[in-house]
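**Student:** I would like the atomic coordinates for the input below:
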Amino acid sequence: MPAAVLACPSCTARAPESPGGAGELLLALMLVPFALVGVGLWAARRAGREERASAPVEQEHS
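**Tutor:** As a prediction, this is how the structure comes out:
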């Protein structure tokens, strides 16, 4: 016999979930990888710009 059958009704009662809650969670979980890739691309571009800005400027000898 499951333990939920032996528990009192007030212990097992839960508030009903909102119908959009699961959909919002699913959407958020689907968008997280895109956000991580976007942040990674931004960081790579920023690091590249800083590296070019700090590199010594080479002068051409005519």
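**Student:** check which helix or strand covers E50.
**Tutor:** Counting by DSSP states H and E, the element that carries E50 is helix 21-54.
**Student:** elements contacting that helix?
**Tutor:** On a contact count with 3 or more Cβ pairs under 8 Å, 6 or more residues apart in numbering; DSSP states H and E, helix 21-54 meets no helix or strand. For every residue, glycine as well, the C-beta is placed using N, CA and C.
**Student:** worst-scoring helix or strand of this structure, pLDDT-wise?
**Tutor:** None of the helices or strands of the chain scores lower by mean pLDDT, DSSP states H and E than helix 3-6, at a mean of 60.
**Student:** So what's the residue count around A44?
**Tutor:** 10 (other Cβ atoms under 10 Å).
**Student:** Same check on C8?
**Tutor:** 7.
**Student:** Also R52?
**Tutor:** Counted with other Cβ under 10 Å, R52 comes out at 8.
**Student:** before we move on, the earlier item: quick one: average pLDDT of the helix holding E50?
**Tutor:** Mean per-residue pLDDT for helix 21-54: 92.
**Student:** Show me the contact partners of stretch 40-47.
**Tutor:** Applying Cβ atoms under 8 Å, 6 or more residues apart in numbering, stretch 40-47 turns out to have no external contacts.
**Student:** Adjust the sequence numbering to begin at 8 for everything that follows.
**Tutor:** Will do, 8 is the new start, and the previous item becomes stretch 47-54.
**Student:** So for it, what gets flagged as buried?
**Tutor:** Using 16 or more other Cβ atoms under 10 Å as the burial criterion, none of the residues of stretch 47-54 qualify.
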